[in-house]
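Engineer: Predicted model and sequence follow; I will ask about them next.
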Amino acid sequence: MAVDPSLLEWAEYWYPISWKGVLTGGIITAVGACATIAFLLLQWRTTTIREEQSDWRTSVVEADTAKAKAELGTAQADIAKANAQIAEANAQTKEAELKLEQLRKLASPRGINHPIFEAEIKGKPKAPVVIWYMPDSSDGWQFAFQLQVALMSAEWEVAPPKPIPEVPQASLWRDTPRAMAAGGQPSGVTVVGTDYEMNDPAFKALYDALAKSNTEFATYGSGGSQALPVPTGTLRVVIAGKIDPIFTNKPQPAK
C-alpha cells in the first residue's frame, strides 16, 4: 500500500491535538465531576442548615404558642375569678339592699292599704271594735287612728283608740307585758276576741283584712285575756310595738 504524504501530514498534525483534546476533555470532566460533588455537598449542607433552622423555628413557634396558651389560660382564670368576685359583690350588695329595705320598713311608721282593707272587709259580718295601742310605741296611735278610719269607712262600729290600760296591781297578771295582758302578742297587731268568737265570721273578716292590707307587720289572732277580758260580742285590736329587727327572718326579695 502506497503512503499518501498529504494524509500522513494531516494525521501527524491532528494526532497531538486530539490527545490534547482528550486530555482537556478529561480534565473538564474531572472538574465537572468535582464541581458536581462540591455542589452536591453544598446542597446537602444547605439542606441540613435549612432543616435545622426550620426545626428551630418550629420549636420556637411551638414554645411561643404554648406560652400564649398558658397566658390565655391564666387570663381566663383571672377573668373567671374577677367575675366570681363581681358576682359575690353583687350578691352582697343585693343582700345589703334587702336588709336596708327591711330596716327602712321597720323604721317607717306602720300603715294600712285602705283599698285592700276595704275590699277584704266589705260585705262581711260586723262586730263592735275597740282599738288599744301601746303608748310607748312610736307609731302606735298613728296606726290605731288609721285603723279607726278604715273601719269607719267600712261602716263598722268602732270606738276611739286608747292606750292599753295598765293591769291592776292586785291582778295575778300585773307583771305581764301590757300588750300580752290585753290578749295580744308582745309585738305586731293582734285581733282579740273570745274562744267562741275566734270562730265568728266577723273575727275572721277583721283578721283577714288586717293581714292582707299590709304585710309589713305581723298579724295575730287571740282567744281572749284573763287579765283584761274582752266583752262578749266585741272585738279588740291590740297594737303592740314593731318587731325588733334582730328577730326577723332573712329578708326576701321584693316581688
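Structural biologist: Sure, I can see it. Numbers count the residues shown, from 1 in each chain.
Engineer: Can you read off the pLDDT for the residue nearest the centre of the chain?
Structural biologist: If you average the C-alpha coordinates of the chain and look for the closest C-alpha using C-alpha atoms, centre = their mean, you land on residue 91, 4.6 Å from that point. Per-residue confidence (pLDDT) for residue 91: 86.
Engineer: For residue 237, see how far away it is.
Structural biologist: When C-beta to C-beta, to the nearest Å is the yardstick, residue 91 and residue 237 sit 40 Å from each other. C-beta coordinates here come from the backbone N, C-alpha and C atoms, glycine included.
Engineer: circling back: the residue nearest to the centre of the chain belongs to a strand?
Structural biologist: No. The assignment for residue 91, made by DSSP: H, G, I helix; E, B strand; the rest coil, is helix rather than a strand.
Engineer: I'd like the distance between it and residue 222.
Structural biologist: Look at residue 91 and residue 222: by C-beta to C-beta, they are 40 Å apart.
Engineer: thinking again about what came up before, so how far is residue 77 from the residue nearest to the centre of the chain?
Structural biologist: Plainly put, residue 91 is 21 Å away from residue 77 if you go by C-beta to C-beta.
Engineer: Which segments of the chain make up each domain?
Structural biologist: Residue ranges for the domains of the chain, per automatic domain parsing: 1-107, 114-247.
Engineer: Out of those domains, which one sits most buried?
Structural biologist: Highest mean neighbour count of those: domain 114-247, a mean of 18 (counted as mean count of other C-beta atoms under 10 Å).
Engineer: what's the spacing between that one and its chain's center?
Structural biologist: Computed by C-alpha atoms, centre = their mean, to the nearest Å, the separation of domain 114-247 from the middle of its chain amounts to 40 Å.
Engineer: mean pLDDT lowest for which of the domains of the chain?
Structural biologist: domain 1-107 (a mean of 76).
Engineer: Helices along the stretch 151-255 of the chain, start to end?
Structural biologist: Read by DSSP state H, counting those that start in this stretch, the stretch 151-255 of the chain holds these helices, from start to end of the chain: 178-181, 201-213.
Engineer: Output the ones you listed in CSV; the columns should cover distance to residue 172.
Structural biologist: Formatted as CSV, the helices of the stretch 151-255 of the chain follow (distance: least, C-beta to C-beta, whole Å):
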stretch, distance to residue 172
helix 178-181, 10
helix 201-213, 26
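Engineer: To residue 117, which of those helices lies closest?
Structural biologist: Closest approach to residue 117 among the helices of the stretch 151-255 of the chain is made by helix 201-213 (3.8 Å; C-beta to C-beta).
Engineer: If you count contacts, what does that closest one end up packed against?
Structural biologist: Using 3 or more C-beta pairs under 8 Å, 6 or more residues apart in numbering; DSSP states H and E as the contact criterion, the neighbours of helix 201-213 among helices and strands are helix 114-121, strand 189-192, strand 219-222, strand 235-239.
Engineer: can you tell which of these is closest to residue 53?
Structural biologist: Evaluated with C-beta to C-beta, these place helix 114-121 nearest to residue 53, the distance being 85.1 Å.
Engineer: Tell me the bridge partners for residue 187.
Structural biologist: residue 241 (DSSP bridges).
Engineer: which ones are touching it?
Structural biologist: If a contact means C-beta atoms under 8 Å, 6 or more residues apart in numbering, then residue 187 has 179, 218, 240, 241, 242, 243, 244 as its contacts.
Engineer: Next: residue 194.
Structural biologist: If you count contacts by C-beta under 8 Å, 6+ apart, then residue 194 has 223, 224, 230, 232 around it.
Engineer: Could you export those residues as a markdown table, including distance to residue 108?
Structural biologist: Listed next are the contacts of residue 194 as a markdown table, based on distance: C-beta to C-beta, whole Å:
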| residue | distance to residue 108 |
| --- | --- |
| 223 | 31 |
| 224 | 32 |
| 230 | 30 |
| 232 | 37 |
